[in-house]
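A.B. asks: Structure for this input, please:
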Amino acid sequence: MSNQTQNTRIEEQIRDAVQRQREYFRTKVTLPVEFRLEQLRKFERLLRAHEDELYEAIFNDFGKSRHHTQLTELFPLFEELGLAIDHLKDWAKPRKVATNLLNQPGKSYIVAEPLGTALVIGAWNFPYNLSLTPVVGSMMAGNTTILKPSELPAETSRVMAKIINENFDPGYLHVVEGAVPETTALLNQRWDKIFFTGSPQVGKIVNEAAAPHLTNVTLELGGKNPAILAEDAPVDVSVKRLIWAKFINSGQLCLAPDYVLVHKSIKERVLERMVYEIEKHDYSVERGNFTRIINERNFDRVVGLIDADKVYYGGESNREDRVIRPTVVHNISVDDPIMQEEIFGPVIAVLEFETLDEAFDIVRKIEKPLAGYLFSHDRETKQRFLAEIPFGSGAINDAVMQITNSNLPFGGVGNSGMGRYHGEYSLECFSHMKPVLEKYFDFELDLKYYGHSDRQMNLIRKLG
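C.D. replies: Numbers count the residues shown, from 1 in each chain. Below you'll find the model as predicted:
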């Protein structure tokens, strides 16, 4: 079968799948909150029933251990499901807002309205968490949903497709597996919502595909996330938190600190402590606290960023096993190759600064990151960091852990993305928050009607 014939078949299958979902949504069966809760509870039961398969699949894909998967994939997912099940009835209620005097007698409120048919395109680095958490948001909102997992971790894609496609009506929730042809065919369709997690480069392609239809898009992208260690930062605990955040999932984490700006006075202590923390954890796939690089292409890319002359610690790698040992590089400048792209691997770059202005200038020269981190006790330093450094989400005196609080929205800004989700924000992400003014018939002011005078205008100004 020729490629053209194969692509035509894929296009037809995708078009039929989307049409089936549109027809299902038009039945209005997804609108009642009780239906949504029933599906969310079913989804949770299925995931728990298939946990062993989920663990085996992700281990086969890149050596992620059961405990590592629990910590970074399933526990966060189950938390999102639990919050949705416990709070959806309240979150989905119309939200009352104040009504100005000009619109009295009346009331104002905001209604969460399902967008319709949603496409979720997941990421490979946390294939369960970053694929299924957005799906939970779409289910909460009352949409129908097609999920396209990343094809790179093939086993996790397969197990998600099995769990969902064997247990849900394809008109309501369905997984489409595949690579570029399937993703292209999906993006050729008209959607009511597209949620994409991945790189800025692919995010631009997704946004362009959505533009002709003016489709609502959420893009969760990446970036070079800075961590700043000010002169007063407690070195031991700061580095302890920083090293954990950097090397979890072997650095294949969009929120990981990508480079560290360290005050000149504490640089040597920070470097020494980094080595201490790395060696204390004894990172390895066998110990279950490290993972393989997802594929050889990414392995080669990360290894290519390591300048042997600037390695302070580590630098060893094994292409056959797709493992890069935790590596610290120092004496880095903003012009070095490692500073020109997101590392997305177990390599941490250390830059030195003398003044806070110097550090902030370096950060601002780079595209707005998905996350920003500061380690300092000083109140003025913290205030300046929040006011002067743009980032999607962040933490002061920690790193990555902001993602564990579902009361905080997660999302990027500028080159690192648009839109936000998690917890109640996931419902908003997949809904149209429809504002409504409801007037009563008790009486009617004549102020807005023609026959205007200066007196009327002054009164309208005061009442507005």
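A.B. asks: Where does the record place the domain boundaries for the protein?
C.D. replies: Domains of the chain are assigned by automatic domain parsing as 3-221+417-436, 226-411.
A.B. asks: any chance of the ones you listed in TSV, with mean neighbour count, distance to G464 and mean pLDDT too?
C.D. replies: For every residue, glycine as well, the C-beta is placed using N, CA and C. Shown next, in TSV, are the domains of the chain (neighbours: other C-beta atoms under 10 Å; distance: least, C-beta to C-beta, whole Å; pLDDT from 0 to 100):
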stretch	mean neighbour count	distance to G464	mean pLDDT
domain 3-221+417-436	19	5	96
domain 226-411	19	31	96
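A.B. asks: Could you dump these into TSV with distance to Y449 added?
C.D. replies: Rendered in TSV, the data for those read as follows (distance: least, C-beta to C-beta, whole Å):
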stretch	distance to Y449
domain 3-221+417-436	13
domain 226-411	43
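A.B. asks: which stretch among those domains comes nearest L459?
C.D. replies: L459 lies closest to domain 3-221+417-436 among those, at 9.3 Å (C-beta to C-beta).
A.B. asks: if we can go back for a sec, nearest to F443, of the domains of the chain?
C.D. replies: domain 3-221+417-436 (7.0 Å).
A.B. asks: Show me the residue at the heart of this protein, geometrically.
C.D. replies: E220 (4.5 Å; C-alpha atoms, centre = their mean).
A.B. asks: so what's the closest residue in space to T156 that isn't next to it in sequence up against?
C.D. replies: What sits nearest to T156 in space, not counting adjacent residues and going by C-beta to C-beta, 6 or more residues apart in numbering, is P127, at 4.1 Å. For P127, the contacting residues are I58, D61, E73, P149, S150, P153, T156, S157, M160, by C-beta atoms under 8 Å, 6 or more residues apart in numbering.
A.B. asks: The domains of the chain: which one's closest to L463?
C.D. replies: Closest to L463 of the domains of the chain is domain 3-221+417-436 (C-beta to C-beta; 4.2 Å).
A.B. asks: mind listing the helices for the stretch 101-250 of the chain?
C.D. replies: Remark: helices assigned in the stretch 101-250 of the chain by DSSP state H, counting those that start in this stretch are 129-141, 154-165, 180-187, 200-210, 235-247.
A.B. asks: Residues contacting the third one, please?
C.D. replies: Think helix 180-187. The contact list for helix 180-187, computed with C-beta under 8 Å, 6+ apart, reads 6-7, 10-11, 13-15, 119, 121, 146, 148, 176, 194, 205-206, 209-210.
A.B. asks: What lies in contact with the strand or helix carrying F299?
C.D. replies: Following DSSP states H and E, one finds F299 within helix 296-304. For helix 296-304, contacts defined as C-beta under 8 Å, 6+ apart pick out I293, S317, R319, R322, I324, P337, I343, F344, G345, P346, V347.
A.B. asks: Who's the closest spatial neighbour of the third one, skipping the chain neighbours?
C.D. replies: Read that as R319. Spatial nearest neighbour of R319, excluding adjacent residues (C-beta to C-beta, 6+ apart): F299 at 6.0 Å.
A.B. asks: what do you get for the fifth one?
C.D. replies: The spatial neighbour of I324 that comes closest, neighbours along the chain excluded (C-beta to C-beta, 6+ apart), is S317 at 4.4 Å.
A.B. asks: Does the one you found touch V311 like I think?
C.D. replies: No. In this structure, S317 is not within contact of V311 by C-beta atoms under 8 Å, at 11.4 Å.
A.B. asks: how long is stretch 172-184 from one end to the other?
C.D. replies: Terminal residues of stretch 172-184 are spaced 21 Å apart (C-alpha to C-alpha, to the nearest Å).
A.B. asks: go on, stretch 174-185?
C.D. replies: Stretch 174-185: ends 15 Å apart by C-alpha to C-alpha.
A.B. asks: repeat for stretch 178-195
C.D. replies: Per C-alpha to C-alpha, stretch 178-195 runs 17 Å from first to last residue.
A.B. asks: Please apply the same query to stretch 405-416.
C.D. replies: Length of stretch 405-416, first residue to last, C-alpha to C-alpha: 20 Å.
A.B. asks: isn't there a helix covering A395?
C.D. replies: No. A395: not assigned to a helix; according to DSSP: H, G, I helix; E, B strand; the rest coil it is strand.
A.B. asks: switch to numbering from 6
C.D. replies: Will do, 6 is the new start, and the previous item becomes A400.
A.B. asks: right, and the helix or strand after whichever strand or helix holds P81?
C.D. replies: Using DSSP H and E, P81 maps to helix 80-96. Sequence order places strand 100-102 as the next helix or strand after helix 80-96, per DSSP H and E.
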